[in-house]
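A.B. asks: Attaching a predicted model along with its sequence, questions to come.
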Amino acid sequence: MNRKIAMFGGSFNPVHNAHTNFANKVIKAFNLDKLYIVPTYSSPHKTVESMAEPADRLKMCEMAFKDIGKVVVSDIEIKRSGKSFTCDTLKQLKGLYPDDNLYLVMGADMYVTLPQWKNPLEIFKFAEIITFPRDNDGYQVLKDYSEKFKSLGAVTHILNEPVFMLSSTEIRNNIHNKEFAEKNLNLNVYKYILNNKLYGVKSYEL
(Lines give C-alpha, C1' and ligand atoms only; values in the text may rest on other atoms or scores of the structure.)
Protein backbone atom coordinates (compact mmCIF):
# COMPACT_ATOMS: atom_id res chain seq x y z
CA MET A 1 0.00 0.00 0.00
CA ASN A 2 1.42 3.41 -0.99
CA ARG A 3 2.29 5.71 1.86
CA LYS A 4 1.26 9.36 2.06
CA ILE A 5 4.37 11.57 2.30
CA ALA A 6 3.84 15.33 2.57
CA MET A 7 6.08 18.39 2.49
CA PHE A 8 5.38 21.64 4.34
CA GLY A 9 8.04 24.19 3.43
CA GLY A 10 8.64 27.80 4.35
CA SER A 11 11.07 30.23 5.87
CA PHE A 12 9.77 29.49 9.42
CA ASN A 13 11.22 32.82 10.50
CA PRO A 14 10.45 31.93 13.26
CA VAL A 15 8.36 28.77 13.51
CA HIS A 16 5.33 29.37 15.76
CA ASN A 17 2.36 27.58 17.30
CA ALA A 18 0.09 28.12 14.29
CA HIS A 19 2.58 26.11 12.22
CA THR A 20 2.57 23.20 14.68
CA ASN A 21 -1.21 23.30 15.17
CA PHE A 22 -1.71 23.16 11.41
CA ALA A 23 0.75 20.29 11.07
CA ASN A 24 -1.22 18.27 13.62
CA LYS A 25 -4.47 19.07 11.84
CA VAL A 26 -3.28 18.14 8.36
CA ILE A 27 -1.66 14.88 9.53
CA LYS A 28 -4.98 13.78 11.02
CA ALA A 29 -7.23 15.11 8.27
CA PHE A 30 -5.32 13.36 5.47
CA ASN A 31 -4.01 10.39 7.46
CA LEU A 32 -0.43 11.20 6.48
CA ASP A 33 2.31 8.68 7.12
CA LYS A 34 5.04 11.32 7.21
CA LEU A 35 5.16 15.12 7.09
CA TYR A 36 8.44 16.75 6.14
CA ILE A 37 8.97 20.21 7.59
CA VAL A 38 11.43 21.92 5.23
CA PRO A 39 12.90 25.30 6.19
CA THR A 40 14.19 27.21 3.16
CA TYR A 41 17.80 28.20 2.72
CA SER A 42 16.73 31.33 0.84
CA SER A 43 13.13 31.90 -0.16
CA PRO A 44 12.43 33.03 -3.74
CA HIS A 45 9.14 34.51 -2.52
CA LYS A 46 10.37 36.67 0.36
CA THR A 47 13.09 39.20 1.03
CA VAL A 48 13.23 39.76 4.77
CA GLU A 49 15.92 41.89 6.39
CA SER A 50 15.46 40.14 9.72
CA MET A 51 15.85 36.60 8.34
CA ALA A 52 17.52 34.37 10.91
CA GLU A 53 20.34 32.15 9.72
CA PRO A 54 19.27 28.81 8.18
CA ALA A 55 20.89 26.85 11.02
CA ASP A 56 18.91 28.84 13.60
CA ARG A 57 15.61 28.36 11.79
CA LEU A 58 16.30 24.63 11.41
CA LYS A 59 17.09 24.32 15.12
CA MET A 60 13.91 26.15 16.11
CA CYS A 61 11.85 23.86 13.88
CA GLU A 62 13.43 20.81 15.52
CA MET A 63 12.42 22.19 18.93
CA ALA A 64 8.89 23.12 17.89
CA PHE A 65 8.02 19.84 16.14
CA LYS A 66 9.95 17.52 18.48
CA ASP A 67 6.88 15.93 20.07
CA ILE A 68 4.66 15.67 17.00
CA GLY A 69 4.57 12.13 15.67
CA LYS A 70 5.06 11.51 11.93
CA VAL A 71 6.95 14.81 11.51
CA VAL A 72 10.49 14.91 10.12
CA VAL A 73 12.32 18.23 10.17
CA SER A 74 14.56 18.19 7.10
CA ASP A 75 17.63 20.22 6.09
CA ILE A 76 17.24 19.14 2.43
CA GLU A 77 16.95 22.73 1.15
CA ILE A 78 19.52 24.16 3.55
CA LYS A 79 22.09 21.59 2.42
CA ARG A 80 21.34 22.44 -1.21
CA SER A 81 21.83 26.19 -0.44
CA GLY A 82 20.98 28.92 -2.94
CA LYS A 83 17.36 29.80 -3.74
CA SER A 84 15.02 27.12 -2.45
CA PHE A 85 12.66 26.04 -5.22
CA THR A 86 9.87 23.64 -4.32
CA CYS A 87 10.03 21.77 -7.64
CA ASP A 88 13.66 20.78 -6.88
CA THR A 89 12.80 19.57 -3.38
CA LEU A 90 9.83 17.53 -4.56
CA LYS A 91 12.06 15.92 -7.18
CA GLN A 92 14.50 14.90 -4.43
CA LEU A 93 11.69 13.54 -2.28
CA LYS A 94 10.26 11.59 -5.21
CA GLY A 95 13.69 10.00 -5.57
CA LEU A 96 13.48 8.91 -1.93
CA TYR A 97 9.87 7.74 -2.17
CA PRO A 98 9.34 6.64 -5.81
CA ASP A 99 6.39 4.35 -5.04
CA ASP A 100 4.57 6.57 -2.54
CA ASN A 101 2.11 9.45 -2.91
CA LEU A 102 3.59 12.91 -2.42
CA TYR A 103 1.64 15.91 -1.14
CA LEU A 104 2.62 19.57 -0.94
CA VAL A 105 1.09 21.50 1.95
CA MET A 106 0.75 25.29 1.87
CA GLY A 107 -1.26 28.25 3.08
CA ALA A 108 -3.88 30.03 1.00
CA ASP A 109 -1.64 33.02 0.22
CA MET A 110 0.97 30.78 -1.42
CA TYR A 111 -1.62 28.55 -3.07
CA VAL A 112 -3.14 31.30 -5.21
CA THR A 113 0.31 32.20 -6.60
CA LEU A 114 1.27 28.65 -7.63
CA PRO A 115 1.25 29.26 -11.42
CA GLN A 116 3.95 31.92 -10.89
CA TRP A 117 6.31 29.49 -9.12
CA LYS A 118 9.26 27.90 -10.85
CA ASN A 119 8.10 24.93 -12.97
CA PRO A 120 4.51 24.71 -11.65
CA LEU A 121 3.68 21.86 -14.03
CA GLU A 122 6.50 19.80 -12.47
CA ILE A 123 5.11 20.56 -9.02
CA PHE A 124 1.68 19.31 -10.11
CA LYS A 125 3.28 16.21 -11.62
CA PHE A 126 5.22 15.28 -8.48
CA ALA A 127 2.65 16.08 -5.77
CA GLU A 128 -0.98 16.63 -4.92
CA ILE A 129 -1.60 19.99 -3.27
CA ILE A 130 -3.16 20.50 0.18
CA THR A 131 -4.28 23.94 1.30
CA PHE A 132 -6.74 25.52 3.72
CA PRO A 133 -8.93 28.63 4.06
CA ARG A 134 -8.07 31.26 6.67
CA ASP A 135 -11.73 32.14 7.26
CA ASN A 136 -15.21 30.93 6.35
CA ASP A 137 -15.28 33.04 3.20
CA GLY A 138 -11.95 31.70 1.92
CA TYR A 139 -13.11 28.20 0.97
CA GLN A 140 -14.94 29.20 -2.20
CA VAL A 141 -12.02 31.36 -3.35
CA LEU A 142 -9.67 28.39 -3.05
CA LYS A 143 -12.23 26.17 -4.76
CA ASP A 144 -12.29 28.54 -7.73
CA TYR A 145 -8.50 28.48 -7.99
CA SER A 146 -8.53 24.69 -7.77
CA GLU A 147 -10.77 24.52 -10.84
CA LYS A 148 -8.22 26.62 -12.76
CA PHE A 149 -5.30 24.49 -11.55
CA LYS A 150 -7.08 21.30 -12.58
CA SER A 151 -6.69 22.33 -16.23
CA LEU A 152 -2.92 22.39 -15.62
CA GLY A 153 -2.93 18.83 -14.33
CA ALA A 154 -3.13 19.62 -10.62
CA VAL A 155 -4.82 17.41 -8.02
CA THR A 156 -5.82 19.60 -5.08
CA HIS A 157 -7.37 19.16 -1.64
CA ILE A 158 -8.84 21.91 0.55
CA LEU A 159 -9.42 21.45 4.26
CA ASN A 160 -13.12 22.10 4.81
CA GLU A 161 -12.55 24.27 7.87
CA PRO A 162 -10.58 27.47 8.43
CA VAL A 163 -7.11 27.26 9.98
CA PHE A 164 -5.81 30.25 11.92
CA MET A 165 -2.32 31.10 10.65
CA LEU A 166 -0.49 33.82 12.51
CA SER A 167 2.26 35.36 10.38
CA SER A 168 5.90 35.13 11.39
CA THR A 169 6.09 38.89 10.74
CA GLU A 170 3.66 39.43 13.62
CA ILE A 171 5.86 37.29 15.85
CA ARG A 172 8.99 39.25 14.95
CA ASN A 173 7.22 42.57 15.43
CA ASN A 174 5.99 41.52 18.89
CA ILE A 175 8.99 39.53 20.08
CA HIS A 176 9.57 42.01 22.94
CA ASN A 177 6.01 41.43 24.18
CA LYS A 178 6.59 38.56 26.60
CA GLU A 179 2.91 37.64 26.97
CA PHE A 180 2.36 37.59 23.20
CA ALA A 181 5.54 35.59 22.54
CA GLU A 182 4.82 32.97 25.21
CA LYS A 183 1.29 32.52 23.88
CA ASN A 184 2.37 31.99 20.26
CA LEU A 185 5.79 30.32 20.49
CA ASN A 186 7.02 27.00 21.80
CA LEU A 187 8.76 27.90 25.07
CA ASN A 188 12.08 26.36 23.96
CA VAL A 189 11.90 28.31 20.70
CA TYR A 190 11.28 31.52 22.63
CA LYS A 191 14.26 30.81 24.91
CA TYR A 192 16.41 30.09 21.85
CA ILE A 193 15.47 33.44 20.31
CA LEU A 194 16.30 35.25 23.54
CA ASN A 195 19.55 33.35 24.18
CA ASN A 196 20.78 33.97 20.64
CA LYS A 197 19.46 37.54 20.42
CA LEU A 198 17.52 36.93 17.23
CA TYR A 199 15.08 39.44 15.69
CA GLY A 200 16.48 42.47 17.47
CA VAL A 201 16.49 40.99 20.97
CA LYS A 202 19.32 42.70 22.86
CA SER A 203 19.32 40.73 26.08
CA TYR A 204 17.80 37.70 27.72
CA GLU A 205 14.31 38.88 28.61
CA LEU A 206 12.49 35.77 29.79
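C.D. replies: Great, that's in hand.

A.B. asks: Show me the helices in the protein, by range?
C.D. replies: In the chain, the segments counted as helices under DSSP state H are 17-29, 54-64, 76-80, 86-96, 108-111, 120-126, 138-150, 168-173, 178-184, 187-195.

A.B. asks: got JSON lines for those helices, with mean pLDDT and mean neighbour count too?
C.D. replies: Glycine gets a C-beta too; all of them are placed from N, C-alpha and C. JSON lines is the format used below for the helices of the chain (pLDDT from 0 to 100; neighbours: other Cβ atoms under 10 Å):
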{"stretch": "helix 17-29", "mean pLDDT": "93", "mean neighbour count": "18"}
{"stretch": "helix 54-64", "mean pLDDT": "98", "mean neighbour count": "20"}
{"stretch": "helix 76-80", "mean pLDDT": "95", "mean neighbour count": "17"}
{"stretch": "helix 86-96", "mean pLDDT": "96", "mean neighbour count": "18"}
{"stretch": "helix 108-111", "mean pLDDT": "91", "mean neighbour count": "18"}
{"stretch": "helix 120-126", "mean pLDDT": "96", "mean neighbour count": "18"}
{"stretch": "helix 138-150", "mean pLDDT": "93", "mean neighbour count": "15"}
{"stretch": "helix 168-173", "mean pLDDT": "93", "mean neighbour count": "18"}
{"stretch": "helix 178-184", "mean pLDDT": "94", "mean neighbour count": "14"}
{"stretch": "helix 187-195", "mean pLDDT": "96", "mean neighbour count": "18"}
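
A.B. asks: pLDDT wise, what is the closest residue to Asn136 other than its chain neighbours at?
C.D. replies: Nearest non-adjacent residue to Asn136, counting by Cβ to Cβ, 6 or more residues apart in numbering: Pro162, 6.1 Å away. pLDDT recorded at Pro162 is 73.
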